[in-house]
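# how would this look folded up:
(one chain, ligands or ions: 1)
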Amino acid sequence: MSAALRFEASSLARNFRGGAGVHGIDLDVAAGEIHALVGLNGAGKTTIMRLLLGMLRPDAGAVRVCGVEVGRADAATWSRVGQLVEHPLAYAELTGRANLEVAARLHGLDRAQGGAAVDRAIEEFDLGRYAGVRASRLSLGNRQRVGIAGALLHEPEAIVLDEPTNGLDPAGVIVLRESLLRRAAAGAGILVSSHHLDEVARVADRITVVNDGRVIGSLDPGGFDLERAFFALVHGDDETRRAAA
Ligand SMILES: Nc1ncnc2c1ncn2[C@@H]1O[C@H](COP(=O)(O)OP(=O)(O)OP(=O)(O)O)[C@@H](O)[C@H]1O
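Have a look, this model is predicted:
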């Protein structure tokens with residue numbers, strides 16, 4: 001396996017009761033790229049991300065994180081990973097800054113490194129006005145900014161963000177976009193899911209389409225009318241499965 005792959009999944013499967021799940025997932029995220037996952041609600045994006053991060057055990061297949069088999073990844077490997085899947089990290093009773101300080105410690109930074117990283121994160125995500133506000137009093141979007149800032153403040157090389165634009169205002173979307181582009185340019189490998197095809201097209205090097213628990217194709221980020229191309233893939237896949245049933 002190439003050392004330049006931040007995540008590598010092969011033949012991944014996870015079945016849930018009731019028939020849902022993901023199957024036959026081959027996916028990688030290279031150093032320096034932004035790889036987007038798109039799909040309808042329930043397609044399997046979050047499940048794939050949780051499998052890549054070792055938050056769910058696969059029924060079949062293998063995952064490597066920064067070249068290390070996910071089940072063997074130790075604290076040093078996880079300190080190279082930044083992720084926000086589902087709820088933003090935010091202890092309701094702590095201020096925005098205190099939440100970021102907790103995140104820094106959890107990522108293995110010492111007090112001095114952590115303090116500097118928290119200052120940078122507050123500036124990068126324009127959280128200065130909210131740093132002293134308790135998370136419980138923050139708006140949804142500012143809580144999301146704190147969550148993203150906490151996930152990224154240790155400058156991880158391998159990043160997974162599940163619908164990070166959720167709740168963000170247009171300024172927040174731009175801050176996030178610039179942050180991701182800067183990190184990819186510095187060598188991070190980033191997997192990001194989104195429902196916003198226009199935004200995805202602005203940042204992604206590769207766009208993978210997931211439908212009904214499988215990877216069904218890819219979209220060209222520079223292509224014309226991504227929405228039409230997306231629905232053509234999804235509807236085509238639905239038809240094929242219906243015909244085979
Ligand atoms: N722990 C679980 N137990 C049972 N079913 C689950 C579990 N987690 C996910 N599923 C099911 O697996 C399928 C894929 O869900 P997943 O959350 O991965 O989709 P998604 O693409 O992230 O959707 P969305 O865009 O709505 O966030 C869905 O049918 C979901 O209901």
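
# switch to C-alpha atoms for all contacts and neighbour counts from now on
Fine.

# Dig out what the residue at minimal distance from the centre of the chain forms beta bridges with.
With distances taken as CA atoms, centre = their mean, the residue of the chain nearest its centroid is Leu161 (1.8 Å). Beta bridges link Leu161 to Leu84, Val192 when assigned by DSSP bridges.

# separation between it and Arg17?
Going from Leu161 to Arg17 by CA to CA, to the nearest Å gives 26 Å.

# what's the answer for Ala188, then?
Ala188 sits 35 Å away from Arg17, going by CA to CA.

# neighbour count winner among those two?
A count of neighbours by other CA atoms under 10 Å puts Ala188 above the other of Ala188 and Arg17, at 27 against 6.

# What's the local residue count around Asn41?
11.

# give me every residue that touches it.
By CA atoms under 8 Å, 6 or more residues apart in numbering, the contact list for Asn41 is empty.

# show me where this protein has strands.
Under the criterion DSSP state E, strands of the chain are mapped to 5-15, 21-30, 34-38, 60-65, 68-69, 81-84, 158-162, 189-193, 206-211, 214-219.

# The ones you listed into a markdown table, with extra columns for distance to Leu226 and mean pLDDT?
Shown next, in a markdown table, are these (distance: least, CA to CA, whole Å; pLDDT from 0 to 100):
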| stretch | distance to Leu226 | mean pLDDT |
| --- | --- | --- |
| strand 5-15 | 26 | 97 |
| strand 21-30 | 21 | 97 |
| strand 34-38 | 11 | 98 |
| strand 60-65 | 29 | 97 |
| strand 68-69 | 35 | 95 |
| strand 81-84 | 26 | 96 |
| strand 158-162 | 20 | 98 |
| strand 189-193 | 15 | 98 |
| strand 206-211 | 10 | 97 |
| strand 214-219 | 7 | 97 |
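
# Redo those as CSV? Include distance to Val173.
Converted to CSV, these look like this (distance: least, CA to CA, whole Å):
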stretch, distance to Val173
strand 5-15, 24
strand 21-30, 22
strand 34-38, 15
strand 60-65, 27
strand 68-69, 32
strand 81-84, 15
strand 158-162, 13
strand 189-193, 13
strand 206-211, 18
strand 214-219, 21
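
# Of all those, which one comes closest to Leu152?
Among the strands of the chain, the nearest to Leu152 by CA to CA is strand 81-84 (5.6 Å).

# Mind giving me the packing neighbours of that closest one?
helix 140-152, strand 158-162 (3 or more CA pairs under 8 Å, 6 or more residues apart in numbering; DSSP states H and E).

# Would you mind listing what in this protein touches the ligand?
Within the chain, the positions adjacent to the ligand are 16-17, 20-21, 39-47 by CA under 6 Å from any ligand atom.

# So, low pLDDT: which residues of this protein?
Scanning the chain with the threshold set as pLDDT under 70 gives 1-3, 89.

# Report the contact partners of the nearest residue to Arg134 once chain neighbours are set aside.
Leaving aside its sequence neighbours, Arg134 sits nearest to Thr95 (CA to CA, 6 or more residues apart in numbering; 3.8 Å). Counting by CA under 8 Å, 6+ apart, Thr95 makes contact with Ala131, Gly132, Val133, Arg134, Ala135.
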